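S.K.: Requesting a structural model of the entry that follows:
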Amino acid sequence: MKILFLTALLFINFSFAQQITCSPQNKEAFEIKIKEIKSLKKDDIGASMAAIGKTFLGTPYVAKTLEIGTTETLVVDLEGLDCTTFVENVLAFSLLKKSDSTTFNNFTKKLETIRYKNGSLNGYPSRLHYFTEWIANNQFKGLVTDITAKIGGTPIQKEINFMSTHRTLYPFLKDDDANLEKIKASEDYLNTQEFCILEKDNIAANEHLIQTGDIIALTTSIKGLDITHTGIATREQDGRIHLLHASTSGAVKISEKPLVDYLKGIKSNTGIMVVRVN
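M.R.: Residues are numbered from 1 along each chain as shown. Next comes the predicted model:
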């Protein structure tokens, strides 16, 4: 079982973030990861996303790794990943490789930029909790482009309120009315916005337009929720797009089946969003 090293956390203060939470073990894991990444060939950002993502293969899936302590901090955890933190860490490392700047300081700056609204940690509600908002905000920052509409997606509107209607599931939300009101404000904003989805039945016909390294977000029919899972597209030896992801079944892996067939096994799935890293 993975232990979160609550008694041995390393706290570091930087001007760009209120506080960073990183155990000595994770600081060491960062240094090892940087050496792995430096050994990879210089490539386009999509290929780098997939190659760096594959260096995490076998890393355990761990839920709620960001819910540490009593206040929101920038958590660096490379030893246990959920689907979103997997994508965030891979993107941060890919941007580091692109810029040839591989210090821990620069990594945490990239991670904060990716994870928080407008790139700035300002309490729990500033985290980009809903992945449609994550996509839109990171597109605004110039880091990614939502290409779903360009590859056959259609716009939809859906009422988003899962967090506020299930507050007891979220440690920083269940007893904090101030956080709850700010989350509701984010939901109210999302409910004024459309987002495009490539519907499940249309993915096969447009699979050739998905590239290795694209971020894939799985849309859902679950009430109040936009996205249930994320990962990275990788075109494997069979010529098909598969999903490289932190799987709830245990670890970071590549789906055995192509993405189209993998999604058939998820009853609540309605389609995908496809996001390209700039």
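S.K.: in stretch 237-252, what counts as buried?
M.R.: 240, 241, 242, 243, 244, 245, 246, 247, 251, 252 (16 or more other Cβ atoms under 10 Å). For every residue, glycine as well, the C-beta is placed using N, CA and C.
S.K.: Let me know the closest of those residues to residue 198.
M.R.: Distance ranking of the buried residues of stretch 237-252 against residue 198, using Cβ to Cβ, places residue 241 first at 11.9 Å.
S.K.: Which single one of the buried residues of stretch 237-252 is nearest to residue 21?
M.R.: Closest to residue 21 out of the buried residues of stretch 237-252 is residue 246 (19.3 Å), distances taken as Cβ to Cβ.
S.K.: and the closest one, what does it touch?
M.R.: Counting by Cβ atoms under 8 Å, 6 or more residues apart in numbering, residue 246 touches 56, 59, 61, 81, 82, 83, 85, 86, 231, 252.
S.K.: Can you check what pLDDT the model gives it?
M.R.: We have a pLDDT of 98 for residue 246.
S.K.: Return the backbone torsion pair for it.
M.R.: Residue 246 adopts backbone torsions of phi -80, psi 100, taken as degrees, to the nearest 10.
S.K.: likewise residue 229?
M.R.: Note on residue 229: backbone dihedrals following degrees, to the nearest 10 are phi -160, psi 150.
S.K.: just residue 126 next, same as before
M.R.: Dihedral pair for residue 126: phi -80, psi -10, per degrees, to the nearest 10.
S.K.: Closest one of the buried residues of stretch 237-252 to residue 114?
M.R.: Nearest to residue 114 among the buried residues of stretch 237-252: residue 246, at 15.8 Å, using Cβ to Cβ.
S.K.: so what's the closest one closest to, chain neighbours aside?
M.R.: Nearest residue to residue 246, sequence neighbours excluded (Cβ to Cβ, 6 or more residues apart in numbering): residue 86, at 3.9 Å.
S.K.: unless I'm mixing things up, the one you found is touching residue 55, no?
M.R.: No - in this structure residue 86 lies outside contact range of residue 55 using Cβ atoms under 8 Å: 11.4 Å.
S.K.: Compare the two (neighbour count), which wins?
M.R.: Using other Cβ atoms under 10 Å as the criterion, residue 86 and residue 55 rank with residue 86 on top: 23 against 17.
S.K.: Tell me which residues touch the residue most central in space within the chain, please.
M.R.: Against the mean C-alpha coordinate of the chain, by Cα atoms, centre = their mean, the closest residue is residue 84 at 2.8 Å. Residue 84 is in contact with 131, 134, 230, counting by Cβ under 8 Å, 6+ apart.
S.K.: And the pLDDT for it?
M.R.: 98.
S.K.: ditto for residue 99
M.R.: Residue 99 is given a pLDDT of 88.
S.K.: what's the spacing between it and residue 164?
M.R.: To residue 164, residue 99 is 38 Å away according to Cβ to Cβ, to the nearest Å.
S.K.: Residue 199 now?
M.R.: On the measure of Cβ to Cβ, residue 199 and residue 164 end up 27 Å apart.
S.K.: now swap in residue 68 and tell me
M.R.: In this view, residue 68 and residue 164 are 22 Å apart by Cβ to Cβ.
S.K.: So which of the contacts of residue 246 are in strands?
M.R.: Cross-referencing the contacts of residue 246 against strands under DSSP state E gives 231, 252.
S.K.: Neighbours of residue 120, how many?
M.R.: Residue 120 has 12 neighbours, counted by other Cβ under 10 Å.
S.K.: same question, residue 263
M.R.: 20.
S.K.: so who does it touch?
M.R.: By Cβ under 8 Å, 6+ apart, the neighbours of residue 263 are 200, 203, 218, 269, 272.
S.K.: Residue 58 too?
M.R.: When the contact criterion is Cβ under 8 Å, 6+ apart, the partners of residue 58 are 251, 252, 253.
S.K.: how about 10 Å then?
M.R.: Listed by Cβ atoms under 10 Å, 6 or more residues apart in numbering, the contact set of residue 58 reads 250, 251, 252, 253.
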